[in-house]
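Enquirer: What follows is a predicted protein model with its sequence.
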Amino acid sequence: MTLQQLEYIVALSKTKHFVHAAEMCGVTQPTLSMMIQKLEDELDVKIFDRSKHPIAITAIGLKIIEQAQVILCQLNKVNELVSAEKGDLSGNINIAIIPTVAPYLLPKFFAEFKRAYPELSFKMYEMNTNTIERKLIMGEIDMAILSTPLNNPNILEIPLYYEKFIAYISPNDYLYSQNELVSGNLPLEHLWVLEEGHCLRNQVFNFCNNGNVTSYAYESGSIDTLIKIVDENGGYTVIPELHVELLTNEQKKNLRKLVNPEPAREISLIIQQNFIREGQLNAVAETVKKIIPLHMLDSRLKKFAIKI
């Protein structure tokens with residue numbers, strides 16, 4: 001068994017196509033096929049079911065590929081350790097972000113990060129929380145920006161900022177006449193929410209009507225869609241504070257403060273517990289600090305660099 005073979009089966013598990021996996025690994029398709037076959041012969045198991053199209057991963061194959069990903073991830077950490085010891089800030093970062101943070105943060109993040117850290121390259125991926133947790137543990141992404149806490153012992157959470165929730169109400173809804181809304185008494189029957197899998201959905205239900213879910217009209221995949229639905233159909237939704245900047249002046253008239261209690265969420269930068277690229281971690285955190293309003297930042301992040 002070789003590291004090369006492990007790279008090949010991981011690539012094939014992602015693409016489900018021999019030609020595409022070979023292109024990913026920079027080898028010919030016959031070479032990749034032969035090396036995977038040799039590994040299966042050595043282990044005396046079938047990792048892939050070639051009778052299906054696209055190819056499928058067998059039950060034992062899933063376990064083998066999972067371990068292969070762990071091994072390759074650990075190998076990469078050796079190289080990262082050497083780079084960190086040398087103070088080398090170059091390299092690649094794969095960062096995930098949840099959809100309810102992305103619209104405000106991403107456009108500004110791209111410009112600021114490229115300006116401040118031209119020696120670093122990065123890719124950003126928009127994912128829901130469950131997908132982020134899984135991909136972070138498997139080493140498919142390096143870090144992520146999302147709502148916490150996650151209560152995952154394998155993940156280190158570094159709070160970045162705290163964001164209030166604000167109600168967005170149609171002028172045709174009876175709630176519109178109120179200057180402030182009591183968060184625990186909001187009627188669910190008029191509420192438009194994000195679809196299952198978004199952490200914001202659960203956070204909204206936690207403070208609306210004491211979390212007692214009865215009925216709601218529609219589930220959407222984005223905050224922008226929710227706002228458009230309210231504009232066209234009435235009712236209300238709940239949006240994060242930073243999204244207010246993206247509204248028109250006319251739409252801002254539909255905002256109402258939530259009180260008693262004033263609901264908010266914690267947004268954190270998360271990494272694996274054994275993450276070692278401190279320089280890259282601080283590069284991302286420092287970029288976020290320059291984008292987020294000062295009053296929202298975590299007090300520790302204002303004063304100190306991140307030490308891991």
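Expert: Structure received.
Enquirer: Please report phi then psi for the closest residue to Phe48 other than its chain neighbours.
Expert: Nearest non-adjacent residue to Phe48, counting by CB to CB, 6 or more residues apart in numbering: Ile55, 5.0 Å away. Any C-beta I mention is one placed from the backbone N, CA and C, and that applies to glycine too. Main-chain dihedrals, Ile55, degrees, to the nearest 10: phi -60, psi 150.
Enquirer: State whether Ile55 and Thr15 are indeed in contact, as I suppose.
Expert: No - using CB atoms under 8 Å, Ile55 is not in contact with Thr15, being 9.4 Å away.
Enquirer: which residues sit against stretch 246-258?
Expert: By CB atoms under 8 Å, 6 or more residues apart in numbering, the residues outside stretch 246-258 that reach it are 103-104, 164-171, 175-176, 178-183, 186, 207, 224, 227, 230-231, 238, 244.
Enquirer: With stretch 120-138 instead?
Expert: With CB under 8 Å, 6+ apart, stretch 120-138 has contacts from 66, 69-70, 73, 89-99, 102, 106, 109-110, 113, 141, 143-144, 146-147, 150, 152, 154-155, 197-199, 270-272, 280, 283.
Enquirer: Where does Leu226 fall, secondary structure wise?
Expert: Using DSSP states H and E, Leu226 sits within helix 223-233.
Enquirer: Give me the packing partners of the helix or strand following that helix, helices and strands only.
Expert: Using DSSP H and E, the helix or strand that follows helix 223-233 in sequence is strand 236-240. Here strand 236-240 touches strand 155-169, helix 199-207, helix 223-233, going by 3 or more CB pairs under 8 Å, 6 or more residues apart in numbering; DSSP states H and E.
Enquirer: what angle separates the first one from helix 223-233?
Expert: This means strand 155-169. 20 degrees (axes from the mean of the first three to the mean of the last three CA atoms, to 10 degrees).
Enquirer: and strand 155-169, which residues are buried?
Expert: For strand 155-169, the neighbour count (16 or more other CB atoms under 10 Å) marks 155-163, 165-169 as buried.
Enquirer: could you show me where the strands are in the stretch 51-200 of the chain, in order?
Expert: If DSSP state E, counting those that start in this stretch is used as the criterion, the strands of the stretch 51-200 of the chain fall at 56-57, 91-97, 120-126, 143-148, 155-169, 180-182, 193-194.
Enquirer: Now do the third one and strand 143-148, the angle between them.
Expert: Using the same axes, to 10 degrees, the inter-axis angle of strand 120-126 relative to strand 143-148 is 40 degrees.
Enquirer: which parts of strand 120-126 are buried?
Expert: Buried residues in strand 120-126 (16+ other CB under 10 Å): Leu120, Phe122, Met124.
Enquirer: for stretch 28-36, same thing?
Expert: Neighbour counts using 16+ other CB under 10 Å place Leu32, Ser33, Met35, Ile36 of stretch 28-36 among the buried residues.
Enquirer: related to what we said a few turns ago, where does confidence bottom out across the buried residues of strand 155-169?
Expert: Lowest pLDDT of the buried residues of strand 155-169: Phe165, 90.
Enquirer: Give the closest residue to that residue in space, chain neighbours not counted.
Expert: Closest residue to Phe165 apart from its sequence neighbours, by CB to CB, 6+ apart: Pro263 at 4.5 Å.
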